[in-house]
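Chemist: only the shape, not the letters, is given here:
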């Protein structure tokens, strides 16, 4: 989440092909982070998302393809699909990715999904109000899909009062939780 926790570290040596190491060094320079930081980010993404993605039956689809499919649905159909996804898929994914499905794991999944999807996002907590702003650039119907999924989960699964603002390319949602 937002708090940086210092964890104990250990030194370890890996043998990495020179060509791969060169690419990692280039990426670290491009991102203005140390090679150590980049490698730790890669390990974290792998252990928190990619390691379990196949088990959770997650599949990558190009953004443009997904947008075109979603745009073919009416708003009513989209709402029905979203609720069905929330009921049947999201809890299972949460359990596989985090071992639990709580408000805390939901927040963690939304934040990691945003990172993995390369969506610019902002997440903050002020006075127990959690605010997410996610810029997806995938159109109004995608905003509606995500709004419907998250609304169902926040209301039905976590019994949270929430507020949503959606635009053609951005989702903003807020809810209170003192966890």
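Modeler: Good, I have the coordinates. Nothing here was measured: the structure is a model prediction, and the numbers come from that model.

Chemist: distance-wise, check the residue nearest the centre of the chain relative to residue 169.
Modeler: Geometric centre of the chain, nearest residue: residue 113, 1.7 Å, by CA atoms, centre = their mean. Using CB to CB, to the nearest Å, one gets 17 Å for the distance from residue 113 to residue 169. Quick note: C-beta positions are derived from backbone N, CA and C, even for glycine.

Chemist: residues contacting residue 141?
Modeler: Residues in contact with residue 141 (CB atoms under 8 Å, 6 or more residues apart in numbering) are 67, 70-71, 73, 75, 78.

Chemist: what's the farthest-apart pair in the residues you listed?
Modeler: Pairwise distances across the contacts of residue 141 peak at 15.2 Å for 67 and 75 (criterion: CB to CB).

Chemist: the two: which has the busier surroundings?
Modeler: Shown here are residue 67 and residue 75; by other CB atoms under 10 Å, residue 67 has more neighbours (17 against 12).

Chemist: so how far is residue 84 from the nearest residue to residue 144 once chain neighbours are set aside?
Modeler: Of all residues not flanking residue 144 in the chain, residue 78 sits nearest, at 5.7 Å (CB to CB, 6 or more residues apart in numbering). Using CB to CB, residue 78 is found at 11 Å from residue 84.

Chemist: any idea whether residue 107 is helix, strand or coil?
Modeler: The three-state label given to residue 107 by DSSP: H, G, I helix; E, B strand; the rest coil is helix.

Chemist: correction: residue 163
Modeler: Per three-state DSSP, the local secondary structure of residue 163 is strand.

Chemist: phi, psi of the nearest residue to it once chain neighbours are set aside?
Modeler: In space, residue 163 comes closest to residue 174 once its chain neighbours are excluded; the distance is 4.7 Å by CB to CB, 6+ apart. When read as degrees, to the nearest 10, the backbone of residue 174 gives phi -130, psi 150.

Chemist: partners of residue 174 in the sheet?
Modeler: For residue 174, the beta-bridge partners are residue 131, residue 163 (DSSP bridges).

Chemist: ok, residue 78 and residue 84, which is more surrounded?
Modeler: More crowded of residue 78 and residue 84, by other CB under 10 Å: residue 78, with 19 against 13.

Chemist: can you pull the pLDDT of that one?
Modeler: Predicted confidence (pLDDT) for residue 78: 95.

Chemist: how about it, phi and psi?
Modeler: For residue 78, the backbone dihedrals (degrees, to the nearest 10) come out as phi -60, psi -40.

Chemist: OK, contacts around it?
Modeler: Counted by CB under 8 Å, 6+ apart, residue 78 has contacts 70, 141, 144-145, 148.
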